[in-house]
Structure formats: structure tokens, C-alpha cells
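Asker: following is a predicted model, sequence given first.
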2 protein chains.
Amino acid sequence: MPRPRQPRLTRQLIVETATAVIDAEGLPAFSTRRLAAELGVRGPSLYNHFATKDEILDAVADTVTGAVDTSGFASRDWAAALRDWAWSYRRALTAHPNIVPYLAQGPGRRPAGLAMADAVYGGLVRAGWPPARATHIGAALRYFVAGSALGSFARGFVEDPELYAAHYPHLRQAHRLAEHQQSVDEGAFALGLDALLHGLAAEYDRTVGPLDPVESARPSG
Amino acid sequence: MPRPRQPRLTRQLIVETATAVIDAEGLPAFSTRRLAAELGVRGPSLYNHFATKDEILDAVADTVTGAVDTSGFASRDWAAALRDWAWSYRRALTAHPNIVPYLAQGPGRRPAGLAMADAVYGGLVRAGWPPARATHIGAALRYFVAGSALGSFARGFVEDPELYAAHYPHLRQAHRLAEHQQSVDEGAFALGLDALLHGLAAEYDRTVGPLDPVESARPSG
DNA sequence: CCCTTAAACTAGCGGTGTAAGTTTTGCCGC
DNA sequence: GCGGCAAAACTTACACCGCTAGTTTAAGGG
């Protein structure tokens, strides 16, 4: 089959379909031939639109990251902005958990990931955090969000009561974690995020706040 | 070549060599044939000792997890134990960063991972945390540690000054992150862990401490 | 000493990413 | 209108992947 009258593939269609395949069947099941089949096409045709498989994965990852909202850094105080951002980030990743192991390796050259890092870092510096501190805070929050989306804590435990009863006395109820997966994971995230922000606020008051307490509430800078 | 006078493979040797290959060349480069070549053997011979490739990876992951020290939960107060554990956990993972994406998906049936979860959860409950809270805290710390080991924040940025200068005004210095990778990642981890523990201590004082403030310092329960 | 089992082998299946070359179509300049 | 070029699909092929099946030989127990 030669060139069709109307192109059957576009970058956008490929990315959308790739996302659907990864969401439905996981990263290991995602192959160029599998994706092409889903698009009614043969594997190599994809290479008319992307140079490598990784380039497709990068596009998927960037689309996912693009859904993260960092607008709080322009309008709210740093702590509220961090909280909003972290939740938005988590929602974006948990909506497509199977791509997270790929995405979490770093922003690389993906524009959405870099724009996000830029917004967070800029917002923290504007609020008065020293640049090195701002880097650390952005990284720490990223660790937490990526870790929470990567391995759903609850899903990671096997549903086999006997396994725990035999050897792990404190984990007798662990086989029930899967039932409450979402509430366990979200509860852990909420608790951890609150604790993190609480600790950061204390640090801020101790080191930054006294110098110019008003600055942190002003959006522009 | 038939059965040799002295077996050339043992489970331990396979796991050690697999760890070395993964450390040196990354997860994608790790194949059964590659591993077998390193052992002076043909790929399928491995299947005399392990049923699947994943079983080898599980063994590697479990060995890494086995290096984590949870002894603090038996001798120190909960906050100090958490801190010691988190650092030990981080050291174990960053010593073998390439296996982290596999390992972080959950403990599954791996004994070392389950023993670790058991020790942490048991220690927190013994300190007076309500069971649901103990689960959340263990999960939150795991998120943070796994995230920090997974995507080294600093290494994730490309060393290309022009990329940042052109489009991401606040990241002008980002290309230099790689130079200071270790200090950036460790600084971010230290800051985040301190903030987390600070916030948890406040929560503890608010909800658990008043009931039986002495209990938390006693190791036995 | 035989016989079972262990531990290596070879051969091969179906799958992978991707390079190379082919074919047909759409479109642009003459 | 038409020649020619680029685009977008195709087929073929290569080297590698995890893993199965069956074979060979040595080790070790009855």
C-alpha cells in the first residue's frame, strides 16, 4: 500500500493513540508494531513522523506534564502555590501511571517539563527563597510527587493473606491495602505534603521571613 | 558443551553479575544473553537457576533492599528511627540507581522489601501512631526516598546552556546542575526529609503525644 | 554400576526497534 | 496540463530479545 490520498497518521494522532495503549496495557506492551496496528498501519510507517520510539515516548510524557498547572506561582503565596502545584502534578501523573517510570527520569529536553521547573523555581525565588534553597525545594517536591505516582504504595502489596501472616507479624492487614488503594495513596500523599509544607514554612520563618515578611505575599517581583 | 565437572553458575553469582551489568550499563541493556555472556555461558543456561528474567530482577532488587537498615525502630524514638531509615534507604538505592524503576513498583513478594515495611509499620504503631497513620507515614517516606533515587533531579537536566537561555529565563544556571549533582540531590533530600519530619513531629504532638507522651521514647511495646 | 538428575548445550519461535529500498500519490513550477 | 519531487505508506531484512524444547554429558545416590 503506497501513499494514501489522505495521510492516515499525524503526530498528534500517534501521541494520543500511544497514550491510550500505554494507559490500557502498560509500558512493556507498548511497541511500535502494536501502536501501528492500533492506527491501522505497519510499524515502520511511524518513522515518517518520529525518528525513534523514545521520541514518541517523550511526546507522550510531555503531553502528560503539560497538564500540570503552575499558575498559582503567579497569583498566590509560595506555600499555597506549592500545594496547588503538587496536587495538580500528582493528578496529572496518576491519570497516566504507566508512563511515570519513563517520565520520572528527568525533564531532559521536553518543553513542558522545563517550563514547569522554570515556573516553580522562579516562583520560589520571587518569594524570597535563596536560589540554592529554591532548587532544593523544587527537587524535594518532585521527588515526593514522582515517588507517589510511580509505585502506588497500596498496589505494590500482593493480595495474599497467608504471605503476611506467616512471616510479617505487623503486616497482617496488608493484603487489604489493595481494596483501599486510592484512599491509602491519597491519604499518604496528603499527610506527607502537609508535613513537608509545614516544615518548609517553619524554615521560611526562620531564615527568610524576618528579612522581608511582606514580599512573600506579593505575586510580582 | 554438556554439564561441566563444576557448575559454573549459582544463584548468587548470577545475582551479583546481574547487579554489576545493570549498574554499569542500565536496565535496558540488561538482557539474559548479555548477562550470560558476562558469565561465560549461553543465555538459556540461566533458566536452570531462575524461572524468568523478572525473577532475576526480583533477586537483584531484594538484595539491594536487604542493605537497608531498620534497626533504629528497635532502639530509638520514632522520629530518629525514621530519619536513620530514610537515609539508609536512600544510600541503598542510590548505590544502584538503575534498578530503582523496577524496585519502586512495590515490594511484591520480595522478602527484604516486606521485612522493611513490617519493621517500619511496627515501629510507628509501637510509638503510638494510629495504624492508618502509620501506613500513611511509611508510604509518604517511601514516596520521597524512591522519588529521590529514581530521577536524580540534577542529572535530569541536559547540559546545554543555550536551551535554557532561550526559553526558560529562570533556569539560566540549570546546565550547571550536573556539575553539582550529588550535592544538589543530597541537599534537596536533606531539606525535604527535615521538613517532613518537622511536620510529622508537629502532627504527633497534636494528636498522639498528649495521650501518652512517654510511650514514644520507649523501644518495646 | 546403573539410573536419575543437574547443568550445560543447540535450535528455534515469535516478538522487538529500526534501516533500506519501493511504490504510489499529491502538489508545485513551468 | 504535465514533469518531477517530496511525502507517506509499503515490504523486506537485520540483529537482538525472552523463552521453550530437546539433547548431551557428568555427578552423585541406591
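Answerer: Happy to help now that I have it. Residues are numbered from 1 along each chain as shown, chains lettered A, B, ... in the order given.
Asker: how much space between the residue nearest the centre of chain A and A:Trp87?
Answerer: Most central in chain A under C-alpha atoms, centre = their mean is A:Leu93, positioned 3.8 Å from the mean C-alpha point. Plainly put, A:Leu93 is 11 Å away from A:Trp87 if you go by C-beta to C-beta, to the nearest Å. Where you see a C-beta, it was placed from the backbone N, CA and C, and this is true even at glycine.
Asker: which residues touch the residue nearest to the centre of chain A?
Answerer: Remark: with contacts taken as C-beta atoms under 8 Å, 6 or more residues apart in numbering or on different chains, A:Leu93 is in contact with A:Val64, A:Val100, A:Leu103, A:Val145, A:Ala146, A:Ala149.
Asker: could you measure from it over to A:Ala146?
Answerer: Applying C-beta to C-beta, one obtains 7 Å for the distance of A:Leu93 from A:Ala146.
Asker: next one, pLDDT for A:Ser31 please.
Answerer: We note a pLDDT of 95 for A:Ser31 in this prediction.
Asker: likewise A:Gln105?
Answerer: The model reports A:Gln105 with a pLDDT of 84.
Asker: so it, which state does it fall into?
Answerer: For A:Gln105, the secondary-structure state derived from DSSP: H, G, I helix; E, B strand; the rest coil is coil.
Asker: and the strands in chain A?
Answerer: Read by DSSP state E, chain A holds no strands at all.
Asker: got the domain ranges for it?
Answerer: A:11-50, A:69-217 (automatic domain parsing).
Asker: and A:Trp85, what is it in contact with?
Answerer: A:Val68, A:Asp69, A:Thr70, A:Gly72, A:Phe73, A:Val120, A:Leu141.
Asker: one more time with 10 Å
Answerer: Residues near A:Trp85 by C-beta atoms under 10 Å, 6 or more residues apart in numbering or on different chains: A:68-73, A:76, A:116, A:119-120, A:123, A:138, A:141, A:145.
Asker: just the closest of those residues to B:Leu82, please.
Answerer: Using C-beta to C-beta, A:Leu141 is the member of the contacts of A:Trp85 that lies nearest B:Leu82, at 19.1 Å.
Asker: next, count neighbours for the closest one.
Answerer: Burial measure for A:Leu141: 26 neighbouring residues, criterion other C-beta atoms under 10 Å in any protein chain shown.
Asker: quick check, the helix or strand of chain A with the lowest mean pLDDT touching chain B?
Answerer: Here the helix or strand of chain A ranked lowest by mean pLDDT, DSSP states H and E is helix A:161-167, holding a mean of 87. Yes. Using C-beta under 10 Å from any C-beta of the partner chain, helix A:161-167 comes into contact with chain B via A:Leu163, A:Tyr164, A:His167.
Asker: got the contact list for A:Thr19?
Answerer: Contacts of A:Thr19 (C-beta under 10 Å, 6+ apart): A:Phe30, A:Ile56, A:Ala59, A:Val60, A:Ala61, A:Thr63, A:Val64, A:Ala95, A:His96, A:Asn98, A:Ile99.
Asker: do you know how far it is from B:Ala61?
Answerer: Counting by C-beta to C-beta, the gap from A:Thr19 to B:Ala61 is 28 Å.
Asker: what do you get for A:Gly147?
Answerer: A:Gly147 is 16 Å from B:Ala61, where distance means C-beta to C-beta.
Asker: A:Ala104 too?
Answerer: Separation of A:Ala104 from B:Ala61 (C-beta to C-beta): 17 Å.
Asker: doesn't A:Gly128 make contact with A:Val208?
Answerer: Yes. In this structure, A:Val208 is within contact of A:Gly128 by C-beta atoms under 10 Å, at 4.7 Å.
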